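Visitor: I would like the atomic coordinates for the input below:
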Amino acid sequence: MAAVTGKAFDTKLLGRVLQYVRPYRKKFLWAAFLTVLMAALSPIRPYLIQITVDKYILTSNFNGLLYMSLLMFGLLVLQSGVQYFQTYLTNALGQSVILQLRTDVFNHITQLRLKYFDHTPIGVLITRSVSDLETIADIFSEGLISIIGDMLQLIALIGIMLYTDWRLTLITLIPMPLLMLATYWFKEAIKSSFQEVRTQVSHLNTFLQEHISGMSVIHYFAREDQEMRKFVAVNQKYRDANIQSNWYYSIFYPVVEIISAMSLGLLVWYGSKRILADPLHVSPGT
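Guide: Residues are numbered from 1 along each chain as shown. Next up is the predicted model:
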């Protein structure tokens, strides 16, 4: 059985999939608008915290502190509401797209010649019609729009940080090349790992379909033990592929945490140094 291969990112294939979004343009535009709104709201809370520390906490202004607390609570409620509708719309969009895509895939399968099914295992078709389409649904519900939102949020945060204190921002971004290098390594490693998982789940589905359909033959020739050993081997390969995929995640996330800690350490070190050297011109809130 052929392994699942392909490019990690295929723009032509993505363009074909995006055509299914056209009937749901309004839903897509609302989801995109809410994503941009979330990105715009995200830098406001740190800015309000800075004002609260510099103008109200350090001056022991209780009324101002109460006002800022209520303002931040209102912002939190607004962000929660926006995130709720954005998450709901993106998931609904993904499921709507997959509904039509799965219908088209099934319609395509019904139009195939009978000889195609002679050399294509049914389990492979089931995998393509179910598992692979669920992955495409995740692109819309958790991937495409979320990536755009995260990028906008990152740009907004870095812009405000540069405006507030460009020196401190540049110090904080020193570990960024390490993060980019780790992300590139993870992308290359996880691509082949995911392809192996897809291949093994296809093998597993094929094995189950063929053996359940031919169970009477297995019983007739008393091959239960032999086929069980074959199933254990196929099942173990699927398990090993998933463990390998999870191993890359178990390496990547701690590396990201270490790099984040390095950035935070540089922030605390340089910020403290600036405050101690020039306390009149560097605010603690910054």
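
Visitor: what about L34, how many residues nearby?
Guide: 22 (other Cβ atoms under 10 Å). For the C-beta atoms, the positions are set from N, CA and C on the backbone; glycine is no exception.

Visitor: same question, M72
Guide: Neighbours of M72 using other Cβ under 10 Å come to 15.

Visitor: against I243, how distant is it?
Guide: As judged by Cβ to Cβ, to the nearest Å, M72 and I243 stand 43 Å apart.

Visitor: got it, and R274?
Guide: Distance, R274 to I243, by Cβ to Cβ: 47 Å.

Visitor: could you do Q200 as well?
Guide: Taken as Cβ to Cβ, the span from Q200 to I243 is 11 Å.

Visitor: give me the more crowded residue out of these two.
Guide: Q200 (21 against 11).

Visitor: residues in contact with that one?
Guide: 234, 237-238, 241 (Cβ atoms under 8 Å, 6 or more residues apart in numbering).

Visitor: if you set the cut-off to 6 Å instead, what comes out?
Guide: 237-238, 241 (Cβ atoms under 6 Å, 6 or more residues apart in numbering).

Visitor: so which of those are in helices?
Guide: When the contacts of Q200 are checked against helices (DSSP state H), the matches are 237-238, 241.

Visitor: quick one on the thing from earlier: just the buried ones from the contacts of Q200?
Guide: Buried subset of the contacts of Q200 (neighbour count, 16 or more other Cβ atoms under 10 Å): 238, 241.

Visitor: for L78, state which of the contacts of Q200 is nearest.
Guide: A241 (43.3 Å; Cβ to Cβ).

Visitor: how much space between the closest one and V197?
Guide: Noted for A241: a distance of 5 Å to V197, by Cβ to Cβ.

Visitor: swap in Y47?
Guide: Computed as Cβ to Cβ, the Y47 to V197 distance reads 43 Å.

Visitor: how about Q226?
Guide: Between Q226 and V197 the computed distance is 27 Å (Cβ to Cβ).

Visitor: give me the more crowded residue out of these two.
Guide: Neighbour tally, Q226 and V197, criterion other Cβ under 10 Å: the higher count belongs to V197, 20 against 11.

Visitor: which elements pack onto the strand or helix carrying F33?
Guide: Take DSSP states H and E as the rule and F33 turns out to sit in helix 25-41. If you count contacts as 3 or more Cβ pairs under 6 Å, 6 or more residues apart in numbering; DSSP states H and E, helix 25-41 packs onto helix 62-110, helix 144-164.
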